[in-house]
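>>> Need coordinates for the below:
(2 chains)
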Amino acid sequence: MSKANKNDKSRRKFLQNLGLAGVSAVGGTALLLQSCSDSKDSASGKKVKVLTQDNQLVEVDVANLKPSDKIKDLDYLQDRGREGIPGKKFVMVVDLAKCKNARKCMSACQNAHQLKPEMHHINVLEMNDPVRKTSYYMPKTCQHCDNPPCVSVCPVDATFKRQDGIVLIDNERCIGCRFCVAACPYSARTFNWTEPKDAKEFAEVTYDMELNVPQKKGTVTKCAFSADRLREGKLPYCVSACPNGVYYFGDSNEDLVTNGTTKKTVRLSELLEENAAYTLMPELGTKPSVYYLPPRQNKG
Amino acid sequence: MNYFKYYKSIILICLCSLVMANVQAQNEWEVTTEQDKNLSPFMFDDEMVLEGKISYENSCTSCHGMPGQADYTPMAPPPGDPGSNQFQLQNDGALFHKIKLGRGAMPKFEDVFADDETWNIIAYIRSFNENYKQPIPDLGGVEIPKYDLKLAFDENVDKLVVKVFSKEIPQPEVEVSAFVKGTFGKLLLGKIQTNELGIAYLDVDPKLPGDAEGKLHIMVKATKGYALAKLNQKMKIVQPTIRKSAIEGRHIWSTDKMAPIWLKVSFFITIFGVWAVLFFIVFGFRNIKKAGREDDVMIE
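Got it, this is the predicted structure:
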């Protein structure tokens, strides 16, 4: 008796559930269809030009734009980050004569890469010249060496050099041993000792190693030459933020560099030769991709 | 007591003059009808807007902020937002004149910008007004010519040859500027007027690195009054450059996956060799011991 009752109850419950499921399915489909038709009808009339994957320029209505799924795909981002941009070799030229310690480069960088104020991918240092008894400001970033000591000491292949000359770090592989921090003669790397800035906001974001966001506690972080911006053909965050025309950035294969402030393009070889450019610690044989033009006393 | 009175009156006079100055500043900023009717000698295009943007960001943003954002610096009188109606309802000529001569806290930019640069800034400001239509002066029935550009390269003198035609008639005195397109900007080759045969010659450095086929992306712009023509063309001008990957054939990683085969082979040969020698010695000792025992047995 009791068993039969129990069966009865469960059957009733099952039918009830089936009914509910059916209703919700129908309702859900209707809603879905509704949203589909909505998205087609509500053309905002505002059109933008976008570049498709096969390099064609098409005009699309803003309402029809959806963030690409690929950008959310970790595997795709990881492969893209390792691969680099073929045919390029990025270089930076820092004109010390123009730096007035505005520190806009630093804040632009920290905002882009989710860094706390005490963490730097680029840092403007005050340098004292004991001979002339003057001081000058020197922005110092990762030198993106052609012989990077940090890369050869990494035991897990987390930090690597790409075909376009950029030295990147992959948070997903980094085990936080900090060998690279010790190996870098330029002190270009920092360590996430604590939870990064706005960790909660970035919790759902897919990791893009070209931007190195979201940052992860217990991993090393470093300047990426704004590889994500370079992919879009834009100048790095620090370069375009500078108000004083300190930075030139470009492709040494083209022998052209562009100033981030004045947007003036000049020949790299001429710029380096005419201004007696130098690199930091050349005796170490690291072959940096960042060149410095010396500070001048009578200018700026 | 008397002194005190003096002070009072001095302060009063000062205050009055301040108020007067303020009233003066808030007066209408008048321009003559002639200045007001002044029109741009160029048609505003994307390039002018871009150039104007750079000049604006360098010289105007600090007070006027970003156009359309109303984020100008709070001053008395307020500098105002160039995207607002207060600016956009003025004629081009009035804006031109005001930028040029300045007033009060607004500096005069006469010596900073050449006329065409000032027009670039106006083109940029106007780009924030969707309803703006550039007024064109009454040309008295004269038609704006349409230019055809033809590019060639003279290898003997390393010069880019630009021929400007309109309806197959060569056009003299046309301003021609040519650029080489780089990743982040364009390198100016030169700015020159066409001769009486409608030809302009521009120097090209033959040492400039081209792409794998020795091609350079040349951008040419020809203007004369309101007539404008542009041409983008990839031309075989320089020697082909082989673009090498920064990591090709190099092994700067410490992980075995990336190690070269010769290193792996020699490593394993060494390890096996050492072990083989050790085993040889141990076996040798064992054999000696064995032989010793056999001798003992034989003696017994």
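>>> Next up, phi/psi of residue B:263, please.
Its backbone dihedrals place residue B:263 at phi -70, psi -40, with angles given as degrees, to the nearest 10.
>>> Tell me the predicted confidence for it.
We have a pLDDT of 87 for residue B:263.
>>> That one: what's it in contact with?
With contacts defined as CB atoms under 8 Å, 6 or more residues apart in numbering or on different chains, residue B:263 is in contact with residue B:251. For every residue, glycine as well, the C-beta is placed using N, CA and C.
>>> what about residue B:98, neighbour count?
Counted by other CB atoms under 10 Å in any protein chain shown, the residues lying close to residue B:98 total 18.
>>> surely it meets residue B:30?
No. Under the contact definition of CB atoms under 8 Å, residue B:98 does not touch residue B:30, with a separation of 10.2 Å.
>>> Reduced to three states, what does residue B:264 come out as?
The three-state label for residue B:264, taken from DSSP: H, G, I helix; E, B strand; the rest coil, comes out as helix.
>>> Nearest spatial neighbour of it, chain-adjacent residues omitted?
Leaving out its chain neighbours, the residue that sits closest to residue B:264 by CB to CB, 6 or more residues apart in numbering or on different chains is residue B:256, at 7.2 Å.
>>> okay but the one you found is in contact with residue A:157, surely?
No. Under the criterion of CB under 8 Å, residue B:256 lies out of contact with residue A:157, with a separation of 9.8 Å.
>>> neighbour count winner among these two?
More crowded of residue B:256 and residue A:157, by other CB under 10 Å: residue A:157, with 16 against 10.
>>> Can you tell me which residue is spatially central in chain A?
residue A:211 (1.8 Å; CA atoms, centre = their mean).
>>> distance of it from residue A:196?
Between residue A:211 and residue A:196 the distance is 13 Å, computed by CB to CB, to the nearest Å.
>>> ok and the residue in the stretch 1-150 of chain B nearest chain A?
Residue nearest to chain A within the stretch 1-150 of chain B: residue B:54 (5.1 Å; CB to the nearest CB).
>>> ok, the spatially most central residue of chain B - contacts?
In chain B, the C-alpha nearest the mean C-alpha coordinate belongs to residue B:185, at 4.6 Å (CA atoms, centre = their mean). In this structure, residue B:185 makes contact with A:250, A:256, A:258, A:263-265, judged by CB under 8 Å, 6+ apart.
>>> among those residues, which are in reach of chain B?
Among the contacts of residue B:185, proximity to chain B is found for A:250, A:256, A:258, A:263-265 (CB under 8 Å from any CB of the partner chain).
>>> Mind checking which of those residues are in strands?
Using DSSP state E, the subset of the ones next to chain B among the contacts of residue B:185 located in strands is A:250, A:256, A:258, A:265.
>>> The last one reaches residue B:186, doesn't it?
Yes. At 5.7 Å, residue A:265 and residue B:186 qualify as touching, with contact defined as CB under 8 Å.
>>> quick one: which of the two has more around it?
More neighbours surround residue A:265 than the other of residue A:265 and residue B:186, with 23 against 20 (other CB under 10 Å).
>>> one step back: scan the ones in strands among the ones next to chain B among the contacts of residue B:185 and report the most crowded one.
Highest neighbour count within these: residue A:250, with 29 neighbours (other CB under 10 Å).
>>> give me the low-pLDDT residue ranges for the stretch 201-300 of chain A?
Filtered on pLDDT under 70, the stretch 201-300 of chain A yields the residue ranges A:297-300.
>>> what residues does it put near chain B?
Remark: the part of the stretch 201-300 of chain A in contact with chain B comprises A:233-235, A:243, A:249-251, A:253-258, A:261-267, using CB under 8 Å from any CB.
>>> Are any of those buried, and if so which?
Neighbour counting with 16 or more other CB atoms under 10 Å in any protein chain shown marks A:235, A:249-251, A:253-258, A:261, A:263-267 as buried within these.
>>> can you list the residues of the stretch 101-250 of chain B near chain A?
B:180, B:182-188, B:205, B:208-209, B:211, B:241, B:243, B:245-248.
>>> how about the helices in the chain?
The chain I'm using is chain A. Counting by DSSP state H, chain A has helices at residues A:2-41, A:74-83, A:104-112, A:149-153, A:179-183, A:227-231, A:237-241, A:268-274.
>>> oops, I was thinking of chain B
Ranges of helices within chain B are B:2-26, B:33-36, B:46-59, B:61-64, B:85-88, B:92-101, B:115-126, B:261-299, based on DSSP H.
>>> For stretch B:174-194, buried residues please.
If you call a residue buried by 16+ other CB under 10 Å, then stretch B:174-194 has these buried ones: B:174-187, B:189, B:192, B:194.
>>> Hmm, residue A:264 is touching residue A:250, no?
No. Counting by CB under 8 Å, residue A:250 is not a contact partner of residue A:264; they are 11.4 Å apart.
>>> Show the low-confidence segments of chain B, by residue range.
Counting by pLDDT under 70, chain B contains low-confidence residues at B:1-5, B:12-27, B:253-255, B:300.
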